[in-house]
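*Asks:* Need coordinates for the below:
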Amino acid sequence: MPGGRLTQQERQQIALGVADGLAYAEIARRLERPTSTITREVMRNGGPTAYRADLAHRASERRAHRRRQATPRGTQAAPEAAHGRDPEAVREYEETFTTVLMQTGAPKMMARVLTCLYTSDTGSLTAAELVQRLQVSPASISKAISFLESQDLVRRERDDSRRERYVADNDVWYQSMVASARGTTQLAETARQGVGVLGSGTPAAVRLENIARFLDFVSESIIRAADQARDVLYTQPEQAPDGTD
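*Replies:* Numbers count the residues shown, from 1 in each chain. Take a look at the predicted model:
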C-alpha cells in the first residue's frame, strides 16, 4: 500500500472520483489508501463541492513548508516530541480527528482548536500556544474559543502565572452531552405546544405530539446514560505490579 504524502496525480484522481460522486471508500480503494486519508484530504480542501486537485496540492506544499520552518518551544508547543511519539503520525492523527469533528458539524477552526486541546497531555493551552501550534491569528483563536464556550465544549481558567488557559478536560464531555439533551428537551416542549395550536387529533398535531414523545425519551435516555457513565471519563490505566501501565 502506498505511503507518504499524496501526490499531485493522486489528488487529480480524487478530484475525478469526487466529481463522479464516488464514495470516499471507493476512491481510497482505487488509490490503495486509507479511507480516512481521502476523507481528510477532501474536507480540509473545500469539501466535495469545492475540491480542486491543483489548489489542494499547493496548500499541502505550503503546510509542509510551514512545518519545516516552525520552531516549537517546549513540550506544550510540540506534544508529538514527548513520550517518544512519531511526529508525522501525530500530525496525521490530528488531521483525521479534525476531519471527523468537522463531519459532526463543527466549523474547521473550532475543530482544529478542539483537536489541539484533546491531544494535549495537560488538556489545556493558552491562546499564544494555540496560535503557535495552528499558525493562525489570535483573532481566529478568540473566535473559535467563543464558539466552543457557547457549546459548553471548553472552559477558561487561570494558571499559577495568571495566564488564561482554555481547558477541554474530561468533564466537558459530560457537561456538553447534558446541555445537548436539555436542548432536545426544549425542542420537545416546543413541538408539544403546537398540538394545541393546530388542534388536538389533527394529522399535524398528532405528528408533533409523536415528535415530542420521541424527543422526551431520547433526552431522558441521554441524561440517564451520561450520569451512569460519568465515572468512565475518569478511569485511570491499571498498573502492573512492577509499576508499568
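*Asks:* Following the lowest-mean-pLDDT helix or strand in the chain in sequence, what is the next regular element?
*Replies:* Within the chain, no helix or strand scores below helix 74-77, which has a mean of 41 by mean pLDDT, DSSP states H and E. Later in the chain than helix 74-77, the nearest helix or strand by DSSP states H and E is helix 87-103.
*Asks:* Using CSV, write out every CA atom in that following helix.
*Replies:* In CSV, the C-alpha atoms belonging to helix 87-103 read as follows (Å, rounded to 0.1, in the frame of the first residue of the first chain):
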residue,chain,number,x,y,z
PRO,A,87,5.7,13.5,14.9
GLU,A,88,4.3,12.6,11.5
ALA,A,89,1.9,10.0,13.0
VAL,A,90,0.7,12.6,15.5
ARG,A,91,0.1,15.2,12.8
GLU,A,92,-1.8,12.6,10.6
TYR,A,93,-3.9,11.6,13.6
GLU,A,94,-4.7,15.3,14.5
GLU,A,95,-5.8,15.9,10.9
THR,A,96,-8.0,12.8,11.0
PHE,A,97,-9.6,13.8,14.3
THR,A,98,-10.2,17.3,13.0
THR,A,99,-11.9,15.9,9.9
VAL,A,100,-14.2,13.7,12.0
LEU,A,101,-15.2,16.7,14.2
MET,A,102,-15.9,18.7,11.0
GLN,A,103,-18.2,15.9,9.8
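*Asks:* That helix - contacts with which helices or strands?
*Replies:* helix 35-43, helix 108-118 (3 or more C-beta pairs under 8 Å, 6 or more residues apart in numbering; DSSP states H and E). Using the backbone N, CA and C atoms, a C-beta is placed for each residue, glycine as well.
*Asks:* just the strands in the protein please.
*Replies:* Under the criterion DSSP state E, the chain contains strands at 124-126, 155-158, 164-167.
*Asks:* count of neighbours near the residue nearest to Leu55 when sequence neighbours are not counted?
*Replies:* Leaving aside its chain neighbours, Leu55 sits nearest to Asn45 (6.7 Å; criterion: C-beta to C-beta, 6 or more residues apart in numbering). The number of residues packed near Asn45 is 20, by other C-beta atoms under 10 Å.
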